[in-house]
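**Student:** Okay, predicted coordinates and the sequence, questions at the end:
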Amino acid sequence: MLPTQKLSRSRTRTRRSHHAKTPVNYADCPKCNAPKLPHAACDNCGYVRPGLSLKVEKES
């Protein structure tokens, strides 16, 4: 089945205007100032929140 009328470029591009990718929002770790994802443990030092940090093993 075919569409009844051709959609203009303007209508198509207007619909797709919200499909753009957004950049990843990084936050700085309060302990070591390394970039990390918000609400996640730091890859560098393992800090999550005050009173909780994870043990991070360094790869050799």
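**Tutor:** In hand now; what should we look at? Numbers count the residues shown, from 1 in each chain.
**Student:** Can you pull the poorly scored residue ranges out of the chain?
**Tutor:** 60 (pLDDT under 70).
**Student:** Recalculate using a threshold of 80.
**Tutor:** The chain contains residues with pLDDT under 80 at 1, 57-60.
**Student:** What segments of it are strands?
**Tutor:** For the chain, strands defined by DSSP state E occupy the ranges 27-28, 35-36, 47-49, 52-53.
**Student:** Just say which of those is most tucked in.
**Tutor:** strand 35-36 (a mean of 16; mean count of other C-beta atoms under 10 Å). From N, CA and C alone the C-beta is placed, and that goes for glycine too.
**Student:** Need the contact partners of it.
**Tutor:** Applying C-beta atoms under 8 Å, 6 or more residues apart in numbering, the external contacts of strand 35-36 come out as 26, 27, 28, 29, 42, 43, 44.
**Student:** Tell me the buried residues within the residues you listed.
**Tutor:** Buried subset of the contacts of strand 35-36 (neighbour count, 16 or more other C-beta atoms under 10 Å): 29, 42.
**Student:** can you put the contacts of strand 35-36 in a markdown table and add distance to residue 9?
**Tutor:** Putting the contacts of strand 35-36 into a markdown table (distance: C-beta to C-beta, whole Å) gives the following:
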| residue | distance to residue 9 |
| --- | --- |
| 26 | 36 |
| 27 | 39 |
| 28 | 42 |
| 29 | 46 |
| 42 | 46 |
| 43 | 44 |
| 44 | 47 |
